[in-house]
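> got a predicted model here, sequence first, then my questions.
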Amino acid sequence: MSKLREKDFTKKPLLIFLLGVFLIMGGCMGMREGAKKGDLNFAVNDYLQSIRWGLLARALTYIPQDQQDHFIKVTEKVFDSVSFADIEVRAILPNEEITSAKVMINVGIYTKDTLKLITVKQVQHWQKIGDHWYIMDPDLEIFLKKLNIN
């Protein structure tokens, strides 16, 4: 009877490992599919995580071409001065045709010199052009203003 239990016990970690691998692979494939299909949720979260972790090149893919130069200047100053503690998506409200959306977020920020956390509430406007979502008002200057940074 004890040999049977030993065999069952040795199989469980292998099964758990394989299940974990399949779940991770499925999640990654779902993210790629979301990006290919122009998924709004994916675009919003990818953009916000890019901002949070300072990934300028990735964030730029969600900025309209005519706004990119200004965005780069502001973003570099923000990345030099502001740290992001948290970005929370409160609501994503697409229109009926799912061609535009309002996104409400809360962003926890602080300067690199202090640990005083400030929460900034923001409403973003997103628009789908072709198969790609763009943030139409990427206002990062609000973070500098809230922290009194010129």
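Structure received.
> mean confidence score for stretch 57-72?
Taken as a whole, stretch 57-72 carries a mean pLDDT of 94.
> just stretch 87-101 next, same as before
The predicted model assigns stretch 87-101 a mean pLDDT of 94.
> quick one: end-to-end distance for it.
Distance across stretch 87-101, first residue to last, is 18 Å (CA to CA, to the nearest Å).
> next: stretch 92-106.
Here the two ends of stretch 92-106 are set 12 Å apart, with distance taken as CA to CA.
> so how far is it off the chain centroid?
Put simply, stretch 92-106 sits 15 Å off its chain's centre (CA atoms, centre = their mean, to the nearest Å).
> A101 versus D86, what's the distance?
Remark: distance between D86 and A101 (CB to CB, to the nearest Å) = 21 Å. Any C-beta I mention is one placed from the backbone N, CA and C, and that applies to glycine too.
> more neighbours, the two?
Applying other CB atoms under 10 Å to D86 and A101 shows that A101 carries more neighbours, namely 21 against 11.
> hey, what's the more buried one bridged with?
When bridges are called by DSSP bridges, A101 pairs up with P94, W126.
> tell me where this protein has helices.
For the chain, helices defined by DSSP state H occupy the ranges 2-36, 40-52, 56-60, 68-81, 141-146.
> which of the residues in the last one are buried?
Put plainly, it is helix 141-146. Neighbour-count burial for helix 141-146, with 16 or more other CB atoms under 10 Å as criterion, is recorded at F143, L144.
> identify the residues contacting that helix?
V74, K77, V78, S81, V82, V107, I109, I118, V120, Q122, N150 (CB atoms under 8 Å, 6 or more residues apart in numbering).
> avg pLDDT for that helix?
For helix 141-146, mean pLDDT rounds to 88.
> chain center to that helix, what's the gap?
Centre-to-centre, helix 141-146 and its host chain are 19 Å apart (CA atoms, centre = their mean).
> V44: neighbour count?
Neighbour tally, V44, other CB under 10 Å: 20.
> and it, how far is that from I51?
V44 is 11 Å from I51, by CB to CB.
> likewise D139?
Distance, D139 to I51, using CB to CB: 11 Å.
> pretty sure Y110 is in contact with T119, am I right?
No. Y110 is beyond contact range of T119, at 10.3 Å (criterion: CB atoms under 8 Å).
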